[in-house]
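>>> here you go, sequence then predicted model.
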Number of protein chains: 2
Amino acid sequence: MKITTHTEHFTNPLYLESGRILEPYELTYETYGELNEDKSNVIVVCHALTGSHHAAGHYEDDRKAGWWDTMIGSQKSIDTDRFFVICVNVIGSCFGSTGPMSPKYPSSAPYRMKFPVITISDMVKAQRILFDRLGIHKAHAIIGGSMGGMQALCFAIEHPNFAKQHILLASTYATQPWAIAFNKVAREAVIRDPDFQNGLYDPEVIKENGLSGLSTGRMCGYISYLSPDSMDEKFGRDYVQTDGLYELFGRFQVERYLDYNGLNFVNWFDPLSFLYITKAINIFDASRNYDSLEDSLSRINSEITLISFASDLLFLPKEMQTIYDTLCNLGREKETHYLEIESTYGHDAFLVEIDKFAHYVQKALEEK
Amino acid sequence: MKITTHTEHFTNPLYLESGRILEPYELTYETYGELNEDKSNVIVVCHALTGSHHAAGHYEDDRKAGWWDTMIGSQKSIDTDRFFVICVNVIGSCFGSTGPMSPKYPSSAPYRMKFPVITISDMVKAQRILFDRLGIHKAHAIIGGSMGGMQALCFAIEHPNFAKQHILLASTYATQPWAIAFNKVAREAVIRDPDFQNGLYDPEVIKENGLSGLSTGRMCGYISYLSPDSMDEKFGRDYVQTDGLYELFGRFQVERYLDYNGLNFVNWFDPLSFLYITKAINIFDASRNYDSLEDSLSRINSEITLISFASDLLFLPKEMQTIYDTLCNLGREKETHYLEIESTYGHDAFLVEIDKFAHYVQKALEEK
């Protein structure tokens, strides 16, 4: 599959929800498939906290495929033979789009903590501006899981005539305190690491040694992405064979797994982007600029498909159910679809248990 | 209520499960009520990870009562007019009993990381030796929540003729990977704090400034003690009024709560004790030295009351149910009682929702 990676530069200011301005800024994105003549085959895929625009396919010499490669491709659920798929790295992230480590114009020094706080709404607004530049003024569908689902919901509310269909997986209408608490621990672990240097860390040092606190933070995130059952199935009480049971730092397999993922994470993710994006997630509330959730969801003018996972402990099924119930109360039961997928996999299910929901996505994408 | 706090010194070696020896050692304990003439009114209360022997009553000039004061006292569920209640600080802890910061005889320097790994079984064994010295050779009941429940279960299996009744709350037969993962993050936060100094931290410095990593670790623990529902009820999405929504470090109330508890914790708990006791919890498995859980539970010769809490996400009700089912399969359904308490409070329910289970405990303590 052909992957096209681009970065677009924007010189007009991006007016942010906070009242601040981002100017200039860049957006990096990737596309798969071909845009048809009447530009009616666009599917926007929105990524999660640590995701990127690289949603599918393999780069040359890269063993690892894009983060939703199982979903996107020729003959797959999001069929690139038919659809033109576009995935944009969100502002605030660290994979090409403007983020806290981007130069603060006209200086060449990075923003760091002078970067403005970004909201989900800002991420969506920036994408919309990019699509305008690309001559894309409508989409067949917008789809995303976790923070990607927040973006999809935000598109549906704030740009109601842009896409015909919005598909949210493992997401919410507003981040609840339980999820905020996980982010809190992760954020504290980052901030309290002396190498973080109050945001003035040396990127080269970080790249070489990794930021230990970010690693601990990621471990905390991993708990919230899994579930008691998935950990039982994956690890049980298996102990690392070479570690002694009575060694103070002897490890269970679940600990080794967290070690591995924590260590690995710091090689490819930036600590400040982590702080800014978790902030955006924490303050996400689809009703913030409206009288109520009902008021905000009443702006929606499209089909909405909500897919939750029974064991998701980060964004609970009942949160997705609230969106469904509210839309039904607004008389939109015909255009709204709610599915709770049986799964023990926790929040991560939207990334790994594709088989369980791929056909629902495919069906939702069919022309109505 | 009269509180009697004592410390007993033991010069004989304590043979530990690991094969190592603790010698000499001390045990600090507290009692409430009066021992009757035939010493038949003893109730042993076992404390949790960060608990202590101070289970009930107020010290002079102390606003805060013991950790289970709502349960223990005159006319309370564990009635000190009738029972002689004893609570022992576990070895490895930091409230008087020998732990990693105790002097390593004959030196006056602390053990630190040379302290042996302690198991729940070791904690129980030490208590049993203390009781022997006090002339107490039987107990009416042994009761504990969380790690205290592990001790109660261990008493029942390894000292089957000591107590007539064992009551476990919010506990398990073996710590599952989900709980180990929470401990992992907390432990990493401690170890990675440069002030921890690989265990060679200066206790005075720690006492004055607190160990930041221990604070982060405690926050992670707090997530596991609560539940999504209890956080919703307690905090919702309330924001700290003086914090700006678009400030990168502006806080939700749930974050302030975690900040407060994290900060507070480091003033009264020792980082090495935290590592040793979480280690003991992680490796707790009632079946370790037996062929199977069935084999280990078949040693039990007493009434067992199991009280779990519906929303407990640290030790899930199904883990307590496993103990119940196994005992029933062993033909002990008449002597075994299982109760799942409706609660949204999470693991902490055993400390705070006393009203919901106090009468069950009282009933279990009635003479059969």
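That came in fine, so what should we check first?
>>> is residue A:340 in a helix, a strand, or coil?
Assigned with DSSP: H, G, I helix; E, B strand; the rest coil, residue A:340 falls in the strand class.
>>> for it, give me the pLDDT.
pLDDT for residue A:340: 98.
>>> right, and it touches residue A:308 too?
Yes. At 5.0 Å, residue A:340 counts as touching residue A:308 under the criterion of CB atoms under 8 Å. Placement of C-beta: from N, CA and C, glycine included.
>>> and the strand or helix carrying residue A:325, which residues are buried?
Using DSSP states H and E, residue A:325 maps to helix A:317-329. Neighbour-count burial for helix A:317-329 flags A:317, A:319, A:320, A:322, A:323, A:324, A:326, A:327 (criterion: 16 or more other CB atoms under 10 Å in any protein chain shown).
>>> can you check stretch A:268-278 too?
A:269, A:270, A:271, A:272, A:273, A:274, A:275, A:276, A:277, A:278.
>>> same question for stretch A:357-368.
Neighbour-count burial for stretch A:357-368, counted by 16+ other CB under 10 Å, picks out A:357, A:360, A:361, A:364, A:365.
>>> what separates that stretch from the chain centre, distance-wise?
Stretch A:357-368 sits 21 Å away from the centroid of its parent chain (CA atoms, centre = their mean, to the nearest Å).
>>> tell me the mean pLDDT for that stretch?
Taken as a whole, stretch A:357-368 has a mean pLDDT of 91.
>>> what's in contact with that stretch?
Contact with stretch A:357-368 is made by A:43, A:70-71, A:76-79, A:83, A:140-141, A:143, A:164-165, A:167, A:169, A:303, A:305, A:307, A:337, A:339, A:341, A:350, as judged by CB atoms under 8 Å, 6 or more residues apart in numbering or on different chains.
>>> how does it look with 10 Å?
A:40, A:43, A:70-71, A:76-79, A:82-83, A:140-141, A:143, A:145, A:164-167, A:169-170, A:303-305, A:307-309, A:335, A:337, A:339, A:341, A:343, A:349-350, A:354 (CB atoms under 10 Å, 6 or more residues apart in numbering or on different chains).
>>> chain neighbours aside, what residue packs nearest to the residue of chain A most remote from its centre?
Here chain A reaches farthest from its C-alpha mean at residue A:246, the gap being 40.4 Å by CA atoms, centre = their mean. With CB to CB, 6 or more residues apart in numbering or on different chains as the criterion, residue A:246 has its nearest non-adjacent residue at 3.7 Å, and that residue is residue B:18.
>>> quick one: which of the buried residues of stretch A:357-368 is nearest to residue B:98?
Closest approach between the buried residues of stretch A:357-368 and residue B:98, by CB to CB: residue A:357, at 54.6 Å.
>>> can you tell me the SS state at the closest one?
From three-state DSSP, the assignment for residue A:357 is helix.
>>> center of chain A - which residue?
Nearest to the mean C-alpha position of chain A, counting by CA atoms, centre = their mean, stands residue A:48 at 1.0 Å.
>>> near chain B, which residues of the stretch 1-150 of chain A are found?
Applying CB under 10 Å from any CB of the partner chain, one finds that the stretch 1-150 of chain A approaches chain B through A:16-20, A:100, A:113-119.
>>> filter these down to the buried ones.
A:16, A:17, A:18, A:20, A:100, A:115, A:116, A:117, A:118, A:119.
>>> which two in these are spaced the farthest apart?
Longest distance between any two of those is 16.8 Å, between A:17 and A:100; criterion CB to CB.
>>> please enumerate the strands of the stretch 251-368 of chain A.
Remark: strands assigned in the stretch 251-368 of chain A by DSSP state E, counting those that start in this stretch are A:303-309, A:336-341.
>>> those strands: which one's closest to chain B?
strand A:303-309 (13.7 Å; CB to the nearest CB).
>>> could you check whether the closest one is close to chain B?
No. Using CB under 10 Å from any CB, strand A:303-309 stays clear of chain B, with a minimum separation of 13.7 Å.
>>> in that strand, what counts as buried?
A:303, A:304, A:305, A:306, A:307, A:308, A:309.
>>> which strands and helices sit next to that strand?
If you count contacts as 3 or more CB pairs under 10 Å, 6 or more residues apart in numbering or on different chains; DSSP states H and E, strand A:303-309 packs onto strand A:141-145, helix A:147-158, strand A:165-169, helix A:317-329, strand A:336-341, helix A:349-352, helix A:354-365.
>>> which ones are touching residue A:312?
Listed by CB under 10 Å, 6+ apart, the contact set of residue A:312 reads A:146, A:169-172, A:224-225, A:227, A:319-320, A:340-341, A:343, A:345-350.
>>> go with 7 Å
Residue A:312 makes contact with A:170, A:346, A:347, A:349, according to CB atoms under 7 Å, 6 or more residues apart in numbering or on different chains.
>>> do the same with residue A:210
Neighbour list for residue A:210: A:263, A:266, A:267 [criterion: CB under 7 Å, 6+ apart].
>>> what is residue A:29 paired to in the beta sheet?
Taking DSSP bridges, one finds residue A:6, residue A:88 as the beta-bridge partners of residue A:29.
>>> gap between it and chain B?
Going from residue A:29 to chain B by CB to the nearest CB, to the nearest Å gives 26 Å.
>>> ditto for residue A:247
From residue A:247 over to chain B the distance is 7 Å, taken as CB to the nearest CB.
>>> how many residues are close by that residue?
Residues lying near residue A:247 (other CB atoms under 10 Å in any protein chain shown) number 12.
>>> so where is chain A shaky, pLDDT-wise?
Scanning chain A for pLDDT under 70 picks out A:367-368.
>>> for it, what spans make up the helices?
Using DSSP state H, the helices assigned to chain A run over residues A:120-133, A:147-158, A:177-191, A:203-209, A:212-225, A:228-234, A:253-265, A:271-282, A:293-297, A:317-329, A:349-352, A:354-365.
>>> quick one: distance of the fifth one to the chain centre.
In this view, helix A:212-225 has its centroid 16 Å away from the chain centroid, taken as CA atoms, centre = their mean.
>>> so how many other residues sit close to residue A:251?
Residues contacting residue A:251 under the criterion other CB under 10 Å number 18.
>>> equivalent analysis for residue A:355, please.
8.
>>> distance between the ends of stretch A:339-350?
Length of stretch A:339-350, first residue to last, CA to CA, to the nearest Å: 13 Å.
>>> buried sites along that stretch?
Here stretch A:339-350 shows A:339, A:340, A:341, A:343, A:344, A:345, A:346, A:347, A:348, A:349, A:350 as buried, counting by 16+ other CB under 10 Å.
>>> now do stretch A:200-210
Using 16+ other CB under 10 Å as the burial criterion, the residues of stretch A:200-210 that qualify are A:201, A:206, A:210.
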